[in-house]
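A.B. asks: Need the 3D shape of this:
(3 chains)
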Amino acid sequence: MKPPAFEYHDPRSVDEAVALMARLDDARVLAGGQSMMPMLNMRFVLPGHLIDLGQIKALNHIDAHADRLSIGAMTRQRDLEYSPLVRAHCPLLTEAIQWVGHRQTRNRGTFGGSLCQLDPAAELPAVCAALDATLTVASVRGERSVAFADFPAGYMTPSIEPDELLTRIELPHWPVGHGYGFVEFARRHGDYAVVLAAALLSVDAAGRITRASVTLGGIGPAPVRVTGVEQALVGQIASGALFRETTEACRSLDAMEDIHAPASYRQQLAVVMARRALEAALARAHPAR
Amino acid sequence: MDASTDNTTRRRIALTVNGRTVEAEVEVRHTLADFLRHQLELTGTHLGCEHGVCGACTVLVDGRSTRGCLMLAVQANGCTVTTVEGLAAADGTLHPLQQAFKDHHGLQCGFCTPGMLTTLVELLADNPQPAEHEVRVAISGNLCRCTGYQAIVDATLAAARAMQAPGAAQRPVEAPVLPAARAAR
Amino acid sequence: MSLAAPIISPARSGGSGETLIGKSVPRLEDDALLRGQGRYVDDIHLPGMLQAAFVRSPHAHAAIRRIDASAALAMPGVRAVYTSEDFSPYLVTDRLVVGLPSSHYKQDHHRQVLAADETVHVGEPVAIVLADSRYLAEDAAMMVEVEFDPLPAVSDCRAALAREAPLVHRESPHNLLAEFDMTYGDTARVFAEAKHVFRESFWQHRGGSHSIECRGCVARHDAMEDRTTLWTSTQMPHAAMRVICEILGLHERQIRVVMPDVGGGFGPKLVTYPEEVCVTLAARLCGHPVKWIEDRREHFIATTQERDQYWETEIAVDDEGHVLGIRGDIVHDHGAYTARGINLAHNSAENVPLGYEVPNYAMHVKVVLTNKVPVTPVRGAGHPQGTFVMERLLDRVARELGLDRAEVRRRNMIAADRMPYRTQLKARGGQWVTLDSGDFPGCMAEALERADWAGFPARQAKALAEGRYLGIGVSNFVKGTGRGPFESVTVRIGPSGKVQVLAGAAAIGQGTRTMLSQVVAEQLGRDLSNITVTTGDTDATVMGLGASNSRQTVVAGSSAHVAAQTVRAKVLKVAATLLKAAEAELEIVGAEVLVNGQPARRIALGSIARALAGTAGYTLPGGVAPGLEATEQVIIDDMAFSNGTAVVELEVDAETGGVHFHRLVFVHDAGRMLNPMIVDGQLAGGIAHGIGNALFEWMGYDENAQPVTTNLGEYLLVTSTEMPRMELFHRETPTPINPLGVKGVGECGVIPMTPAIMSALEDALSPFDVRINQTPISPAQLYALIAANAKP
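C.D. replies: Residues are numbered from 1 along each chain as shown, chains lettered A, B, ... in the order given. Sure thing, here's the model as predicted:
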């Protein structure tokens, strides 16, 4: 299982990269390699050109602004995992990243690579959906912003042009004291989830939910923000009974079916994972003073 | 030394492997694992799947455990690579992990062992006194079909104790590159 | 059967230093492997070596109309492309005729060297490409044009038996490869009269070996010596040599087969494969050494594996739960060809009653062809399947009669005072299956005690009150090990004084070198560093049966022991002459013979060897025959039966079907243990396979016999986080049938795991009245059972 022949390019800047992407017809981008290299080794893809982004330092950063984190697309997952900035401002991401593959894959895998791969059961796309992330995409035509909700075009297909490059992900902060929970059901530790859930809660001093974000991964081709559940939660006093009652609605979501699991099983997991993520989030939530 | 940037099919690379400088010309599509095994004849790193699951090809790149089958040799230009052959001391004394594997029967056929060792070297550098569960999580990306993992876990816990014992030689194989300290390349 | 003096006590063997027998000596193999200095087949570099890649059929069943390699041959670095047509002039026979003999075959289907005009499973090799690198060979393999005409394919072995089923091989009359009965007693009468008869259907599935090292071989032809050497990652080098000689029309001196370090075998590597023949012939034809290394995707589609069995069974018992009879039918998926024999199906049927008193038994077995890669044993070789059926039937009896599951077993287990116990079964060679020794009830009692079986109901009730589902399961097993008839071992001392051990055994990671060194060193100086071991080389030993069936310690160990004793006797006799001392005063220490208490009087082993090599004109000392060596092939026709009991305590998350282990207790009796640490390692590794077989490993095919799990992300091997901590305990009931008293252990860990786990899952989910008659089972399937029965 050896890669096919290709021409190799390692641009040093975003400008150089997008120029190559505009010029070369039959090119694929290489980020962390944890998805692309297996596809090359198995010869599932036969690109004439491979554009390695690993030398573009400008894509590798974690910056905290007043209202958001700004993270370069080539930031290694491992750096997200150990970043004090991420832990302080976006603890959901710190929690979720523990579930992403294994230490070896996180050492090379990147934030942007996972997002562009858009595996339905991947953790990082679900986190972006949960946080209403904004993505920045660059090409020879300039930059444009994409709300994460608009990013998935279909099964493992992001809505970016062949000559566009994901450069940045912005994660808006949730208020201090917010609760977060990330749970997943997988066959083995480190596997892609069968179903995962991410929950974020803001709760006031009376225990009333003022804001909720509930996201499911592994249900459909893209992460699903379960807005029906979110709306049912806001304004209610948070409790286990409330979560149990509202998450039951997840059972009627459209769910994928394959040789490993029928749709009804994924729907069951959706209900259970959503509830457990909310329970975890509530345990961590404390209203700001 | 920068790799020549004008060639898209063959590149010159320079890197450090097990403490020694290596300069070589590589085909761009050759994986790091194949480069180590065939061009450098360091056959200790093994190929078990070539799709990033089994972990037999794990080496340390700048102190970080890395699947050698999922990295191109050209990407290792300027890096410091440690393979299983670089774990023992210069005088041949086994690394405490290697010694612990021997004492606790942490290997049978030996094929997964180099990947296990490099992964565990990184673990113990990051976390010198891991709990059993942390050891299991650390090697959850390394498949072994012989041991059932328990002896490997026991060996690792024993090595951790030995490495922390008073008077134990502190001989980090490769200081891991922490994010804050990452130097511009 | 010759029996040399058994090891009774350590002192017999030489007096100085501690005995090596029974000691957890660190392994001699480890140092090189830990340093990355092992030499596996892909580590072999030879000057001018070419790399091979195979073109394989993507169809489950197809005719080959045409092969055009011209585009491939034009590609850079490509040196040759060979098809069946190119090889045919050099083949005496174009098939690998390998099946273990049996009168039950209705038809023969042997694998082709390269497919000629019909392919019968996805992955069957059609052409071999030789190039300067594997990268280039794969490039070229993609460019070989093969015109296939797809033919109807059969996927399910039950469907294959239907009258209108497509034919797996288009020229054959039907898809039934073999059929046989394993029968004794009078089941018809017993079942007609029995008060309690319970029926169960089982689906048992196992997958592949997935040793972390795939297959591979390197061939080099030496024109000057007129011989070809094949280094191959195999478990049976002598079998490979035989097959290659037969197919290429060569004699034994023209082919040498050598095992390099092997990264695990687990059964499928004991098969000789078309690729090995192709690589050998390719090297002879092209004049360069040729290497082929199997990649993981090929391992899924071209290396043998186990697969599906469908059992319909009935058990008849009396009011006390005593088994009166068991009968049933098995439909067994054989795959498209015979790559080994029908032993897997035979063992499955044979193993059902083994550890229990089953007075009447009838199992009818159909071995069926399908358009999938051939089926041969993986670690356990049918014993897991037979044990699963017996243990699950006993659980059913317990439930129906309201008895404790352990009690039902107690009432039916073969008691210790019945040993040796001749069953009414016949082994494949025709011998009566006789259990040599063992205390099965005592073993189970110990396991239950250690697992606190008695205290479990309280634990379960407490958990249930908290809304948690805890379950416990027990399974016993008996495993025939040490399959004979022999293993060939030579022990030789040369003028260097080094003790050489040459064995037809095969080292595949299980510590063969250490085991043989311990056994031989025990007789000859007790210094492991003075022993060299050569295994797996057809030049070093003329005969060999290799690694399978947990046999090496028993058969190779026995031969090594006897050979070493013979050499020891000769050493002492000659040393007595040369030192002018009585034999009783002498001891062998390291590489020397010493007179007790008189260190000045000593002679090196090497000097004795030199003396026995003869000097022209001088008589040999001691009046003995020349040379200082002995070759033994201790004949052991009967198997030595290991036994054990596993108790599993686990928890099920009823909302997800997720399973979490709490405790795993495994009590095992492998007779005398030569190296307890190695025994533990074998058990632990086997248990991991067993857990995989219960909860993770499913080799999936669709209805067109296309494999659907073809990488390690889809086919799930157990990882460190899924394994519980295993509590292993040993009992030692030595066997009387070999001089070491040892029994095999390599496969034992696998065998009881699937029934113990299924029993525990049913126990945990008893509030839902769940029944589990399959292995493996996934969380989704468990959840479906729970949901189907959940009380509203």
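A.B. asks: Run through the residues of chain A sitting next to chain C.
C.D. replies: Residues of chain A lying close to chain C (CB under 8 Å from any CB of the partner chain) are A:1-5, A:42-43, A:185, A:187-192, A:194, A:259-262, A:264-265, A:268-269, A:272. For glycine as for every other residue, the C-beta is placed from the backbone atoms N, C-alpha and C.
A.B. asks: The residues you listed in strands, which ones?
C.D. replies: Using DSSP state E, the subset of the residues of chain A next to chain C located in strands is residue A:185.
A.B. asks: and the residues of chain A next to chain C, which are buried?
C.D. replies: Listed as buried from those are A:1-5, A:42, A:185, A:187, A:189-192, A:194, A:260-262, A:265, A:268-269, A:272; burial here means 16 or more other CB atoms under 10 Å in any protein chain shown.
A.B. asks: need the contact list for the residue of chain C at minimum distance from chain B.
C.D. replies: Nearest residue of chain C to chain B: residue C:36, at 1.9 Å (CB to the nearest CB). Contacts of residue C:36 were listed using CB atoms under 8 Å, 6 or more residues apart in numbering or on different chains, and they are B:42-45, B:83-85, B:114.
A.B. asks: make it 7 Å
C.D. replies: Residue C:36 is in contact with B:44, B:83-85, B:114, counting by CB atoms under 7 Å, 6 or more residues apart in numbering or on different chains.
A.B. asks: What are the structural domain limits within chain C?
C.D. replies: What automatic domain parsing lists as the domains of chain C is C:10-38+C:484-632, C:419-482+C:637-789.
A.B. asks: worst average pLDDT in those?
C.D. replies: Lowest mean pLDDT within these: domain C:10-38+C:484-632, a mean of 89.
A.B. asks: can you tell me which residues contact residue B:164?
C.D. replies: Contacts of residue B:164 by CB under 7 Å, 6+ apart are B:128-129.
A.B. asks: Recalculate using a threshold of 6 Å.
C.D. replies: residue B:128 (CB atoms under 6 Å, 6 or more residues apart in numbering or on different chains).
A.B. asks: same check, this time on residue C:423
C.D. replies: Contacts of residue C:423 (CB under 6 Å, 6+ apart): residue C:433.
A.B. asks: Give me the distance between it and chain A.
C.D. replies: 40 Å (CB to the nearest CB, to the nearest Å).
A.B. asks: Would you mark the buried spots in the helix or strand hosting that residue?
C.D. replies: In this structure, residue C:423 sits in strand C:421-426 according to DSSP states H and E. Buried residues in strand C:421-426, counted by 16+ other CB under 10 Å: C:421, C:423, C:425.
A.B. asks: can you check stretch A:227-241 too?
C.D. replies: Neighbour-count burial for stretch A:227-241 flags A:229-230, A:232-233, A:238 (criterion: 16+ other CB under 10 Å).
A.B. asks: end to end, how far does that stretch reach?
C.D. replies: 19 Å (CA to CA, to the nearest Å).
A.B. asks: do stretch A:217-231 as well
C.D. replies: First-to-last residue span, stretch A:217-231, CA to CA: 19 Å.
A.B. asks: Helix, strand, or coil at residue C:438?
C.D. replies: Per DSSP: H, G, I helix; E, B strand; the rest coil, the secondary structure class of residue C:438 is coil.
A.B. asks: is it true that it touches residue C:642?
C.D. replies: No: in terms of CB atoms under 6 Å, residue C:438 does not count as a neighbour of residue C:642; the distance is 7.7 Å.
A.B. asks: which residues does the one residue in the stretch 101-250 of chain A that gets nearest to chain C contact?
C.D. replies: Chain C sits closest to residue A:189 of the stretch 101-250 of chain A, with a gap of 3.8 Å, by CB to the nearest CB. For residue A:189, the contact set (CB under 6 Å, 6+ apart) comprises B:140, C:721.
A.B. asks: What's the separation between it and residue C:321?
C.D. replies: According to CB to CB, to the nearest Å, residue A:189 and residue C:321 sit 41 Å apart.
A.B. asks: show me where the stretch 151-289 of chain A has strands.
C.D. replies: All strands of the stretch 151-289 of chain A, identified by DSSP state E, counting those that start in this stretch, fall at A:152-154, A:157-158, A:165-172, A:179-185, A:195-203, A:209-217, A:224-225.
A.B. asks: Tell me the strands beside the last one, with direction?
C.D. replies: When pairs are called by DSSP bridges, strand A:224-225 turns out to pair with strand A:209-217 (antiparallel).
A.B. asks: Please apply the same query to the first one.
C.D. replies: Strands adjacent to strand A:152-154 in the sheet, as given by DSSP bridges, are strand A:157-158 (antiparallel).
A.B. asks: which one of the strands of the stretch 151-289 of chain A is the most hemmed in?
C.D. replies: Across these, averaging neighbours per residue (mean count of other CB atoms under 10 Å in any protein chain shown) puts strand A:195-203 on top, at a mean of 28.
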